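**Student:** Quick one, what's the 3D model for this:
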Amino acid sequence: MGAAAAAAAAEAEDPHVDIDEPWKDTYVHITEDIIPNDETRYKLRKQAQNWRGVTAISTPPPAVAVKELPPQTTYNPLLTHNSNPNVLPPTYGVHTTLPIPTDRLITPFTSAITPSVAYLADPLNAYAHLGLPKPHVHLLGPPLDVALDARLVGNYGRFVRSGCRPNAVLRPVLCDKPREGEGDKEVRDGRTLEFGVFALRDLKAGEEVVLGWEWDDGHAVHCLPALLSTPNMFP
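**Tutor:** So this is what the prediction gives:
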């Protein structure tokens, strides 16, 4: 059998399959948060009782698109001279499809919500080494003290990247969701906090949505502004 015939036979046995949206296979899409810890669930509902922040959104958020980014956007040739950006895992970002005004909800952010202390204590998360949460994870401090972990479950919001020039922010949102079979009035009313990505300024159509970095307060990155302003500090 000739080479051409062998290639044709192999192609017939193993047809090539194109996946239009491969990013959908990287996580499990959920429409509501998963909160396995009872104490965390109670804390969110307790905060909802006296909430003075953003309330439930009556209008649906605008459409956003998840797009694969060119390898060069996450490739630093100064740090990895011998690396080929084309062999790195694909990177995705969230882009607007229509103009979005300031303070408007861009997309809900669903995730598995756990105590932040549990996330920080897990050595697999390497927080002490990295000095910030891993991709698709966000930490919220007091009074909530929770980790929003969208590595395995979530929605389009998980693909919002962090950067030095953020145009969006992650905020808690008060939602009323009646629950049957619960005991006290607080729980029966179903008032709890969920989370969403909101615009910090007017966004143009096609603009990438970017959150700010969440560097630990003790990370050396906070010293960079001082070092850049005094370049001759060290010999």
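**Student:** Show the contacting residues for the residue nearest to Ile34 when sequence neighbours are not counted.
**Tutor:** If the residues on either side of it in the chain are set aside, Ile34 comes closest to Ala112, at 4.5 Å by CB to CB, 6 or more residues apart in numbering. Where you see a C-beta, it was placed from the backbone N, CA and C, and this is true even at glycine. The neighbours of Ala112, taking CB atoms under 8 Å, 6 or more residues apart in numbering as the test, are Asp33, Ile34, Ile35, Pro36, Leu148, Asp149, Ala150, Leu152, Val153.
**Student:** Quick one: the helices in the chain, in order.
**Tutor:** If DSSP state H is used as the criterion, the helices of the chain fall at 3-13, 38-49, 116-121, 127-130, 185-189, 224-229.
**Student:** These: lowest mean pLDDT?
**Tutor:** Between these, the lowest average pLDDT goes to helix 185-189, which shows a mean of 49.
**Student:** tell me which residues form a beta bridge with Leu148?
**Tutor:** Ile113, His138 (DSSP bridges).
**Student:** wait, doesn't it sit right on Leu140?
**Tutor:** Yes. Counting by CB atoms under 8 Å, a contact exists between Leu148 and Leu140, whose distance comes to 7.0 Å.
**Student:** Need the residues touching each of these two.
**Tutor:** Shared contacts of Leu148 and Leu140, defined by CB under 8 Å, 6+ apart, comprise Leu170.
**Student:** where do the strands sit along this protein?
**Tutor:** With DSSP state E, the ranges of strands along the chain come out as 28-29, 64-69, 91-96, 105-108, 112-115, 137-140, 146-149, 153-154, 161-163, 168-176, 191-199, 210-212.
**Student:** partners of the fourth one, with directions?
**Tutor:** Going back to what we said before, that points to strand 105-108. strand 191-199 (antiparallel).
**Student:** what about Trp191, how many residues close to it?
**Tutor:** Slight slip there: residue 191 is Arg, not Trp. Using other CB atoms under 10 Å, Arg191 has 22 neighbouring residues.
**Student:** any weak-confidence spans in the chain?
**Tutor:** Residue ranges of the chain with pLDDT under 70: 1-20, 57-59, 72-88, 176-190, 233-235.
**Student:** May I see the buried residues of stretch 94-104?
**Tutor:** By neighbour count with 16 or more other CB atoms under 10 Å, stretch 94-104 contains the buried residues Val94, His95, Thr96, Ile100.
**Student:** Between the residues you listed, which sits nearest Leu224?
**Tutor:** The shortest separation between Leu224 and any of the buried residues of stretch 94-104 is 26.9 Å, and it belongs to Val94 (by CB to CB).
**Student:** center of this protein, which residue is that?
**Tutor:** By CA atoms, centre = their mean, the chain has its centre lying nearest to Arg158, at 3.3 Å.
**Student:** Quick check: chain neighbours aside, which residue is closest to that one?
**Tutor:** For Arg158, the spatially nearest residue (CB to CB, 6+ apart) is Ala150, at 3.7 Å.
**Student:** where's the one you found relative to His219, distance?
**Tutor:** In this structure, Ala150 lies at 22 Å from His219, with CB to CB, to the nearest Å as the measure.
**Student:** With Ser162 instead?
**Tutor:** Shown here: Ser162 relative to His219, a distance of 14 Å by CB to CB.
**Student:** Could you do Gln47 as well?
**Tutor:** Between Gln47 and His219 the distance, using CB to CB, works out to 28 Å.
**Student:** Perfect, I'm done here.
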